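Asks: the sequence isn't on hand, but the structure is:
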């Protein structure tokens, strides 16, 4: 997902799951300033999988495209180049024990659950 790429469809769950991609956005922002971008990328890969499992692939993709576009808007190109160079051609887990552990923490700290309509509509 590169900044400026259009999502395949608009998000369908913003009203029912409004803050679902916040954890991914925080990781993406940290990646702009922290030195260990590889560990952050691994966490982001696990978070992507968690979002996809909860919302479905198309909805998660739409959400993530929007987050990347928002976070990367106006960011100095040199920061993005530094991240790309640090990440290189590595591959990252999207399942298994590492993601199970990271996603258990994510589920505890930022559960993906619908907002109660009675609360949302106040």
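Replies: Good, I have the coordinates. This structure is a prediction, so every number in the text was calculated from the model and none was measured.
Asks: and for residue 104, the neighbour number?
Replies: The local packing count at residue 104 equals 11, with neighbours defined by other C-beta atoms under 10 Å. From N, CA and C alone the C-beta is placed, and that goes for glycine too.
Asks: residue 75 and residue 32, how far apart?
Replies: Here the distance between residue 75 and residue 32 works out to 6 Å (C-beta to C-beta, to the nearest Å).
Asks: which one's more surrounded, these two?
Replies: For residue 75 versus residue 32, the count of surrounding residues by other C-beta under 10 Å is larger for residue 32: 16 against 13.
Asks: find the nearest non-adjacent residue to that one, please.
Replies: Spatially, and ignoring its direct neighbours in sequence, residue 32 is nearest to residue 79 (5.3 Å; C-beta to C-beta, 6 or more residues apart in numbering).
Asks: so how far is residue 31 from the one you found?
Replies: Shown here: residue 79 relative to residue 31, a distance of 9 Å by C-beta to C-beta.
Asks: got it, and residue 46?
Replies: When residue 46 is compared with residue 31 (using C-beta to C-beta), they lie 14 Å apart.
Asks: before we move on, what about residue 94?
Replies: As for residue 94, its distance to residue 31 is 17 Å (criterion: C-beta to C-beta).
Asks: can you pull out the helices in this structure?
Replies: 22-33, 37-55, 57-72, 77-87, 96-109, 117-120 (DSSP state H).
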